[in-house]
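> My questions concern the predicted model and sequence given below.
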Amino acid sequence: MTTPIHERPGDLLSELIQFETVNPPGEERACVEYIDGLLTEAGIATETLAAESERPNLLARLPGGDASPLLMQGHVDVVPTEGQEWDEEPFSGTQKDGFVWGRGALDMKGGVAMMVAAMLRAAEEEVEPAGDVLLLVLSDEEVGGDVGAKYMVEKHPERFADVEYAIGEFGGFPLRIDETEFYPIQVAEKRVCWLEATVTGRGGHASRPQRDGAMNTLGKLLTRLTEHRLPARITPPAREFIEALAAEAESERAEQLRGLLDPERTDEILDELGPVAERLDPMLHNTVSPTVVNGGGKVNVHPAEVDLRLDARLLPGVTPEEFLEELWEVIGDLEGVEFEVARFDGGEGNRVDMGLFDLLSESLTENHPKAVPVPFLLTGATDGRFFEQLDIQPYGYTPLKLPPTFEFEALVHAANERVPAEAIAFGTETLSTVIREYGSA
């Protein structure tokens, strides 16, 4: 007799990886239909909602009691693999040496496999949580979520009536700092704010050098943006994270970490901290990264206009207007530069509801007693930002128990993305605990 797929979450992940859902174009339909089939066969009610026929979203519901529904959400689109050298085919789902290999193993078909397996297990065991448990399988996270989470929130908000908490990527994986194995649970994330800058100058024939043209201004702009931090800002979730780190540190290190919470000292201490500062720095500042330059058409002509695109990430509660004020303080008196906000995925963003944190923390330690869960501010962005617009508190929680040498973040979007099959089994068990215990307190 074949072991049910929910008892083999590593095999389920392998199956999901074999659907080539590279975004763009995405084409997630076959993968979503496969998941739909598994859930429907288990007697779980599902519905499909789509802005584009080849890019559907699947919503499943496990019935519970009268408490608020709990939402689990994850995406099945993945980033491209072009230009990367893989030891195993990226869409083979190869299982080798205890690992499941392939694009999406970590981001985030691994998380989806755990959620699906946990739902299937709960259905088989006839678990009745205090409230309904919803599973939302999404398209299009990697290119902005317009036909995925954004579409669901804007066009079908009634599907999430009374939901207070959502679980998605990323969180619940080990973060080793000063010999302590923390397990960050994401309670907030930075906001996407894409900018378009126009840099203008007088142009002219390139045989006559210019020291005041658009290229000169562009060079100064790039230098100032990349050499200087924006002002330190201490948000509540960053404060909680750093206080949690300090609580586990020796006294001298703890004092240093707590010093980060004084904006007058933040940057000075970051410069003293070494490698750990790379993780903490963007949690304590708005950031802006120049990423794309377009300008000039002929090698012998000074361009009169250069276009620059920038990826800015704003701390919770910061508006684009406040951010641009910070930006101009750094740029100074440069003339010929204009900024336009091309996209801002905002929301209130400064309210964190910790009501689910204890359950997530206890479910983690029940399955891994040595774990030290801590609240965490993600410096990237996830689909969770859209659900905030419905007053739903998103948590990053895709639990993985990983070996000490495993570089989780280095493999996301990279060649040889893979995950231990045992880690997927651990995550499934932990999410099963969440479903079983939800609302029981």
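Alright, I've got the coordinates. In this text the structure is predicted, and so the values were computed from the model without any measurement.

> which regions of the stretch 201-350 of the chain lie under the pLDDT threshold?
Applying pLDDT under 70 to the stretch 201-350 of the chain picks out residues 347-350.

> who are the neighbours in contact with residue 339?
By Cβ atoms under 8 Å, 6 or more residues apart in numbering, the contact list for residue 339 reads 195-197, 324, 327. All C-beta spots, glycine's among them, are computed from the backbone N, C-alpha and C.

> can I get the residues you listed in TSV with neighbour count?
Converted to TSV, these look like this (neighbours: other Cβ atoms under 10 Å):
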residue	neighbour count
195	21
196	15
197	20
324	16
327	20
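
> Go through those and flag which are in strands.
Counting by DSSP state E, those place 195-197 in strands.

> ok so, going back, for the contacts of residue 339, which one is nearest residue 427?
residue 195 (36.4 Å; Cβ to Cβ).

> The residue lying closest to the closest one once chain neighbours are set aside: helix or strand, and which one exactly?
Using Cβ to Cβ, 6 or more residues apart in numbering and skipping residues adjacent in sequence, the residue nearest residue 195 is residue 310, 4.3 Å away. If you go by DSSP states H and E, residue 310 is part of strand 305-314.

> Kindly report the same for residue 136.
Counting by DSSP H and E, residue 136 is part of strand 131-138.

> Show me how far stretch 41-61 is from its chain's centre.
23 Å (Cα atoms, centre = their mean, to the nearest Å).

> can I get the CA coordinates of that stretch in PDB?
Taking C-alpha atoms only, stretch 41-61 is exported to PDB below (Å, rounded to 0.1, in the frame of the first residue of the first chain):
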ATOM      1  CA  GLU A  41      -9.600  14.000  -3.200                       C
ATOM      2  CA  ALA A  42      -9.200  14.400   0.600                       C
ATOM      3  CA  GLY A  43     -12.600  16.000   0.800                       C
ATOM      4  CA  ILE A  44     -11.400  19.500   1.400                       C
ATOM      5  CA  ALA A  45     -13.600  22.200  -0.300                       C
ATOM      6  CA  THR A  46     -11.700  24.300  -2.800                       C
ATOM      7  CA  GLU A  47     -12.400  27.100  -5.300                       C
ATOM      8  CA  THR A  48     -10.300  28.700  -8.000                       C
ATOM      9  CA  LEU A  49     -10.200  32.500  -8.600                       C
ATOM     10  CA  ALA A  50      -8.200  34.000 -11.500                       C
ATOM     11  CA  ALA A  51      -7.500  37.300 -13.200                       C
ATOM     12  CA  GLU A  52      -5.800  35.300 -16.000                       C
ATOM     13  CA  SER A  53      -6.800  31.700 -16.900                       C
ATOM     14  CA  GLU A  54      -3.300  30.400 -16.900                       C
ATOM     15  CA  ARG A  55      -2.500  32.000 -13.600                       C
ATOM     16  CA  PRO A  56      -5.200  30.900 -11.100                       C
ATOM     17  CA  ASN A  57      -5.300  31.100  -7.300                       C
ATOM     18  CA  LEU A  58      -6.600  28.300  -5.200                       C
ATOM     19  CA  LEU A  59      -8.500  28.700  -1.900                       C
ATOM     20  CA  ALA A  60      -9.200  25.700   0.300                       C
ATOM     21  CA  ARG A  61     -11.100  25.600   3.600                       C
END
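
> Next, the angle strand 131-138 makes with the strand ranked longest in the chain.
Assignment by DSSP E gives strand 56-75 as the longest strand of the chain. Put simply, strand 56-75 runs at 100 degrees to strand 131-138, going by axes from the mean of the first three to the mean of the last three Cα atoms, to 10 degrees.

> Please list the residues outside the next helix or strand after strand 56-75 that contact it.
The helix or strand immediately downstream of strand 56-75 is strand 95-96, counting by DSSP H and E. Contacts with strand 95-96, where a contact means Cβ under 8 Å, 6+ apart, come from 10-11, 14, 88, 101, 421.

> Measure how far strand 95-96 is from the centre of its chain, please.
Distance, stretch centre to chain centre, for strand 95-96: 26 Å (Cα atoms, centre = their mean).

> ditto for stretch 290-299
Chain-centre distance of stretch 290-299: 30 Å, with Cα atoms, centre = their mean.

> From one end of that stretch to the other, what's the distance?
Start-to-end span of stretch 290-299 (Cα to Cα, to the nearest Å) is 23 Å.

> who's in contact with the residue positioned nearest the centre of the chain?
The chain has residue 382 as the residue nearest its centroid, 3.8 Å off, counting by Cα atoms, centre = their mean. Residues in contact with residue 382 (Cβ under 8 Å, 6+ apart) are 141, 168-170, 186, 189, 394, 396.

> could you redo the last one with a cut-off of 10 Å?
By Cβ atoms under 10 Å, 6 or more residues apart in numbering, the contact set of residue 382 is 73-75, 107-108, 141, 145, 149, 168-171, 186, 189, 394, 396.

> Spell out which two among the residues you listed are the most distant pair, please.
145 and 171, at 18.5 Å, using Cβ to Cβ across the contacts of residue 382.

> Of the two, which one has the most company?
Legend: neighbour count by other Cβ atoms under 10 Å for residue 145 and residue 171, higher for residue 171 (27 against 24).

> and the more buried one, what element?
Judged by DSSP H and E, residue 171 forms part of no helix or strand.

> do you know how far it is from residue 20?
Per Cβ to Cβ, to the nearest Å, residue 171 is found 27 Å from residue 20.

> next one: residue 47
As judged by Cβ to Cβ, residue 47 and residue 20 stand 25 Å apart.

> Between the contacts of residue 339, which sits nearest residue 341?
For those, the nearest to residue 341 is residue 195 (6.1 Å; Cβ to Cβ).

> List the residues that contact that closest one.
Here residue 195 is in contact with 288, 290, 308-312, 320, 323-324, 327, 339-344 (Cβ under 10 Å, 6+ apart).

> please redo it, this time with the cut-off set to 6 Å
310, 312, 339 (Cβ atoms under 6 Å, 6 or more residues apart in numbering).

> from those residues, which single one is nearest residue 248?
Closest approach to residue 248 among the contacts of residue 195 (Cβ to Cβ): residue 312, at 32.2 Å.

> isn't the closest one right up against residue 285?
No - using Cβ atoms under 6 Å, residue 312 is not in contact with residue 285, being 11.0 Å away.

> Which residue of those two possesses the greater neighbour count?
Taking neighbours as other Cβ under 10 Å, residue 312 and residue 285 compare with residue 312 leading, 25 against 22.

> For the more buried one, list each beta-bridge partner.
Counting by DSSP bridges, residue 312 forms beta bridges with residue 193, residue 288.
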